[in-house]
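**Student:** 3D model of this:
(one chain, ligands or ions: 2)
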Amino acid sequence: MECSKGHRIHCHYYPSCPEPQLVTGTIEHSDAGFITLLLQSQGICGLQVLYEAQWVDIRPTPGCVVVNIGDLLQLVSNGKFKSNKHRAIVSEIGPRISVACFFSGPLNEAYKIYGPIKELISEENPGLYKDVVLGEYVSRFVSTSQDNYRALDYYKV
Ligand SMILES: O=C(O)CCC(=O)C(=O)O
Ligand SMILES: [Fe+2]
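**Tutor:** Numbering: from 1, shown residues only. Ligands and ions are numbered 1, 2, ... in the order given. As a prediction, this is how the structure comes out:
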């Protein structure tokens, strides 16, 4: 599927803050691509995942990388893998660094099409998503990422 083609690396630096409850580090979102590998600096907790309507801390563990499932993997797996909602909060104890590597497919191939894998679709398991054209999907993601709506929602059958 060429999902590792065109990966991007984002480095985040969250300064410490005396009033962290007043500040957002990274707003609630799910990642748009297939998979994200996330490395966190040790000692300070910041990443939280939404699980059963609660924000759960994902503590940095030495030698471990967090693997986040993204919206495109949810789409091609016809919902078998579910992308997770997450956010990053800031801390009063000190600054935090995270490095995210996004595997989002060949982003320079605007006309690349992704859809639910045909072998996963049957009469009992109908396709849940329409095909997406990668360039259009990325534009939708950029224009919807500031609200609570995901680009993926546009492609539900
Ligand atoms: O800084 C973090 O732990 C999360 C960053 C993140 O979710 C992202 O870059 O998509
Ligand atoms: Fe993310």
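**Student:** got any ranges where the protein has weak pLDDT?
**Tutor:** Flagging of the chain using pLDDT under 70 yields the residue ranges 145-149.
**Student:** Get me the contact residues on it for ligand 1.
**Tutor:** Selection of the chain residues close to ligand 1 by Cβ under 6 Å from any ligand atom yields 10, 12, 26, 31, 38, 40, 46-47, 86, 88, 98, 100. (Glycine included, C-beta is placed from N, CA and C.)
**Student:** what residues does stretch 44-51 touch?
**Tutor:** The contact list for stretch 44-51 (Cβ atoms under 8 Å, 6 or more residues apart in numbering) reads 14, 25, 28, 38, 40, 55-60, 66, 84-91, 93-96, 98.
**Student:** Would you show me how to pick out the buried ones of those in PyMOL?
**Tutor:** Burial among the contacts of stretch 44-51 is assessed by 16 or more other Cβ atoms under 10 Å; the matching PyMOL selection reads:
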select buried, resi 14+25+38+40+58+60+66+84+85+86+87+88+89+90+91+96+98
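**Student:** Which elements pack onto the longest helix seen in the chain?
**Tutor:** For the chain, the helix with the greatest residue count under DSSP state H is helix 134-144. Judged by 3 or more Cβ pairs under 8 Å, 6 or more residues apart in numbering; DSSP states H and E, helix 134-144 is in contact with strand 113-114.
**Student:** Sheet partners, orientation included, of the strand it packs on?
**Tutor:** Strand pairing for strand 113-114, using DSSP bridges, gives strand 132-133 (antiparallel).
**Student:** which residues does Pro126 contact?
**Tutor:** By Cβ under 8 Å, 6+ apart, Pro126 lies in contact with Val157.
**Student:** Could you grab the helix/strand/coil label for it?
**Tutor:** When classified by DSSP: H, G, I helix; E, B strand; the rest coil, Pro126 comes out as coil.
**Student:** next one: Gln21
**Tutor:** On the three-state scheme (three-state DSSP), Gln21 is labelled helix.
**Student:** can you tell me how far it sits from Val90?
**Tutor:** Distance, Gln21 to Val90, by Cβ to Cβ, to the nearest Å: 9 Å.
**Student:** Helix, strand or coil: sort out the residue nearest to Pro20 when sequence neighbours are not counted for me.
**Tutor:** Closest residue in space to Pro20, ignoring its immediate chain neighbours: Val90 at 4.8 Å, by Cβ to Cβ, 6 or more residues apart in numbering. Using three-state DSSP, the structure places Val90 in coil.
**Student:** shift numbering so it begins at 53
**Tutor:** Got it, first residue is 53 now, which makes that one Val142.
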